[in-house]
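1. need coordinates for the below:
(one chain, ligands or ions: 9)
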Amino acid sequence: MPFVHQMNPTMVLNLLTALSLLISLSSVIVVAEIPTILDGPFKPVTVPLDQSFRGQAVDLPNSDPRLLAKLEQFDPEQISVSLSFNYDSVWISWITGEFQIGDNIEPLDPNSVASIVQFGEFGKPITEEAEGYSLVYSQLYPFQGLQNYTSGIIHHVRLSGLKPNTLYQYQCGDPNLAAMSGVHYFRTMPVSGPNSYPSRIAIAGDLGLTYNTTSTVNHMAINHPELFLLVGDVSYANLYLTNGTGSSCYSCSFSDTPIHETYQPRWDYWGRYIEPLISSVPIMVIEGNHEIELQAENQTFVSYSSRFAFPSEESGSSSTFYYSFNAGGVHFLMLGAYTSYNKSGDQYRWLERDLASVDREVTPWLVATWHPPWYSTYKAHYREAECMRVEMEDLLYKYGVDLVFNGHVHAYERSNRVYNYTLDPCGPVYITVGDGGNWEKMAITHADEPGNCPEPSTTPDDFMGGFCAFNFTSGPAAGKFCWDRQPDYSAFRESSFGHGILEVKNDTHALWTWHRNQDMYNAAGDQIYIVRQPEKCLVKPQDP
Ligand SMILES: *[C@@H]1O[C@H](CO)[C@@H](O)[C@H](O)[C@H]1NC(C)=O
Ligand SMILES: *[C@@H]1O[C@H](CO)[C@@H](O)[C@H](O)[C@H]1NC(C)=O
Ligand SMILES: *[C@@H]1O[C@H](CO)[C@@H](O)[C@H](O)[C@H]1NC(C)=O
Ligand SMILES: *[C@@H]1O[C@H](CO)[C@@H](O)[C@H](O)[C@H]1NC(C)=O
Ligand SMILES: *[C@@H]1O[C@H](CO)[C@@H](O)[C@H](O)[C@H]1NC(C)=O
Ligand SMILES: *[C@@H]1O[C@H](CO)[C@@H](O)[C@H](O)[C@H]1NC(C)=O
Ligand SMILES: *[C@@H]1O[C@H](CO)[C@@H](O)[C@H](O)[C@H]1NC(C)=O
Ligand SMILES: *[C@@H]1O[C@H](CO)[C@@H](O)[C@H](O)[C@H]1NC(C)=O
Ligand SMILES: [Fe+2]
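-> Ligands and ions are numbered 1, 2, ... in the order given. Below you'll find the model as predicted:
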């Protein structure tokens with residue numbers, strides 16, 4: 001006999017009451033309210049270090065199968081997609097031919113192989129073709145005993161006339177050499193507008209190429225981003241000597257070499273490793289200090305500037321160090337910390353022009369990224385980029401930048417809305433995601449812990465220059481260089497590896513979720529709605 005038939009009506013009622021109680025209870029537990037920044041400013045939270053981390057991040061060895069060339073000479077490898085300024089155009093990049101490293105290197109002729117992309121909408125025949133340009137670069141060390149490097153042929157091709165939010169297929173290479181890649185796919189960004197956003201944007205920093213990096217990238221890939229922002233420090237090729245011997249510490253190793261060396265093949269390894277992700281998910285990169293890579297004739301950033309495609313010209317910048325682009329209703333500012341940022345420099349003037357041309361009715365969200373954070377409370381790199389902050393913060397504030405993403409500090413931190421070190425309901429939220437998993441140390445100590453406040457004169461970054469890190473003049477830390485507890489501007493901090501996903505829902509709400517590598521891919525280590533208040537904060541800037 002079925003169970004229910006044995007029960008009298010009161011029993012059934014009781015059962016139903018119990019059931020509904022259970023359901024409402026579980027909905028309370030499962031559908032916990034996600035906080036919004038309007039619930040803040042939040043009391044600072046520090047998540048204690050998880051003692052279960054078993055080991056240091058360890059680089060994939062040069063012999064790892066994922067890093068080795070698998071193709072014939074002019075077959076494309078290290079294929080990637082990057083965005084141009086708007087949805088209607090993307091860049092496809094790849095490399096052909098072998099790099100050389102050693103004594104008698106002979107740069108390849110970039111004209112020996114064509115730069116062609118054949119493409120079309122998914123499900124239709126491939127009918128379109130675009131041609132681009134190619135280059136090689138060299139990393140030269142005019143010192144006895146150091147090995148020189150010259151790259152394979154790097155190709156960049158811009159596709160244009162694309163439809164928004166549309167899946168495309170493409171093959172790249174040189175059809176005349178029968179050296180075309182397999183078929184790859186990418187989706188264009190949605191049209192720019194207040195109700196139109198990519199559904200998930202992944203953001204990571206300081207990736208490197210360790211087993212922890214692979215964990216970060218796997219988690220990110222399973223979260224299906226439509227765009228990947230990498231906020232600097234990419235391959236960490238500069239943790240190696242030119243002979244391929246590496247060390248997990250940039251500043252403490254090989255102090256007797258005449259110049260800080262790099263092992264450029266690590267860049268090729270990184271490009272091969274990451275290809276499965278970025279040959280279909282567009283990647284946008286901004287330079288970090290590990291991209292400086294000083295070489296002969298004081299040249300810097302040559303690998304970074306050569307390997308990636310940037311919408312620099314398209315965004316009126318003319319520099320690979322800073323540019324902007326739209327992803328649906330989000331306008332991204334990619335700023336350069338390792339180039340002049342002062343008010344009379346080119347970058348600042350470009351930024352003023354760029355900001356003045358943004359129409360917040362079309363791209364309500366303004367998101368800025370650069371490498372070294374202004375608002376970080378870890379001891380590592382504490383207040384290192386103060387001169388940049390002093391120079392640029394007012395401009396970003398005046399135009400109502402909503403969100404800032406940085407890397408550089410190898411940990412996670414989210415700020416309360418802040419401006420000039422003061423809590424401010426119209427200041428941006430600053431998020432540091434330098435926790436991609438590279439070979440260097442994770443940041444675990446905080447400048448506000450006893451004995452950890454750095455001597456001010458030691459804090460500026462040599463390459464960035466200047467000294468602007470003066471003691472605070474107001475608030476609980478007035479007269480001092482560090483707070484003696486977690487600063488009020490810091491809402492949440494945790495030392496762990498991971499990545500973040502930004503889901504912009506509409507013109508006021510964006511869900512930010514930080515994912516830790518030790519969790520299931522979809523679990524949240526930190527989650528909050530970033531809320532815009534344009535009616536309160538967007539006072540139209542005066543015309544110059
Ligand atoms: C990094 O990966 C190693 C295993 O390769 C693991 O033992 C360690 O806990 C990871 N570290 C972090 C911080 O996730
Ligand atoms: C590397 O290139 C530099 C600059 O051209 C040159 O001075 C040096 O001799 C080269 N080194 C080797 C090992 O070929
Ligand atoms: C590379 O050079 C360093 C420093 O001279 C040396 O200790 C190391 O053994 C060399 N490695 C190789 C693979 O030759
Ligand atoms: C490279 O920079 C150093 C230090 O700034 C300078 O002394 C040297 O003349 C520069 N060399 C070249 C080739 O520009
Ligand atoms: C600002 O940068 C420009 C270009 O790099 C430089 O010429 C100028 O001296 C700098 N000004 C200040 C005040 O640092
Ligand atoms: C920022 O704060 C500093 C120190 O309190 C103060 O001197 C400066 O004038 C402030 N800047 C702005 C633009 O308010
Ligand atoms: C700044 O603060 C530090 C302590 O945080 C102190 O040692 C130093 O003397 C202060 N400097 C000035 C100029 O007040
Ligand atoms: C914007 O999205 C948030 C979060 O999904 C939602 O709560 C809010 O109602 C939306 N606002 C509008 C105007 O649709
Ligand atoms: Fe860095």
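2. right, and residue 317 touches residue 334 too?
-> No - Residue 317 is beyond contact range of residue 334, at 9.0 Å (criterion: Cβ atoms under 8 Å). From N, CA and C alone the C-beta is placed, and that goes for glycine too.
3. who has more neighbours out of these two?
-> Between residue 317 and residue 334, counted using other Cβ atoms under 10 Å, the more crowded position is residue 334 (26 against 22).
4. can you count the residues close to the closest residue to that one other than its chain neighbours?
-> Counting by Cβ to Cβ, 6 or more residues apart in numbering, residue 334 lies nearest to residue 286, which is 4.4 Å off, once chain neighbours are set aside. Residue 286 has 31 neighbours, counted by other Cβ under 10 Å.
5. ditto for the one 5 residues further on
-> For residue 291, the number of neighbouring residues by other Cβ under 10 Å comes to 28.
6. before we move on, what about residue 119?
-> Neighbour tally, residue 119, other Cβ under 10 Å: 24.
7. one more: residue 520?
-> Other residues close to residue 520 by other Cβ under 10 Å number 9.
8. residue 149 too?
-> By the criterion of other Cβ under 10 Å, residue 149 has 24 neighbours.
9. let me know the distance separating it from residue 139.
-> 4 Å (Cβ to Cβ, to the nearest Å).
10. residue contacts, residue 331?
-> 324-325, 358, 363, 365-367 (Cβ atoms under 8 Å, 6 or more residues apart in numbering).
11. quick one on the thing from earlier: got any residues that touch both of residue 317 and residue 334?
-> 323-324.
12. re earlier: identify, from the contacts of residue 331, the entry nearest to ligand 7.
-> Comparing these against ligand 7 with Cβ to the nearest ligand atom places residue 367 closest, at 32.8 Å.
13. was I right about that closest one contacting residue 403?
-> Yes - the criterion here is Cβ under 8 Å, and residue 367 meets it with residue 403 at 4.7 Å.
14. for these two, list the residues in contact with both.
-> residue 502.
15. thinking again about what came up before, spit out the residues that contact residue 149 and residue 139 alike.
-> Residues touching both residue 149 and residue 139 by Cβ under 8 Å, 6+ apart: residue 264.
16. ok, now which ones touch residue 202?
-> Shown in contact with residue 202 (Cβ under 8 Å, 6+ apart): 220, 223, 225, 227-229, 281, 499-501.
17. now do the residue nearest to residue 334 against residue 333, distance only.
-> Applying Cβ to Cβ, the value for residue 286 to residue 333 is 10 Å.
18. common neighbours of the two, please.
-> In contact with both residue 286 and residue 333: 322, 369, using Cβ under 8 Å, 6+ apart.
19. do a quick rundown of the strands in the stretch 351-500 of the chain.
-> For the stretch 351-500 of the chain, the strands defined by DSSP state E, counting those that start in this stretch cover 365-369, 403-406, 412-415, 418-419, 422-423, 429-433, 490-494, 498-504.
20. how about the ones you listed in CSV, adding mean neighbour count?
-> CSV is the format used below for those (neighbours: other Cβ atoms under 10 Å):
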stretch, mean neighbour count
strand 365-369, 24
strand 403-406, 26
strand 412-415, 27
strand 418-419, 20
strand 422-423, 13
strand 429-433, 27
strand 490-494, 23
strand 498-504, 24
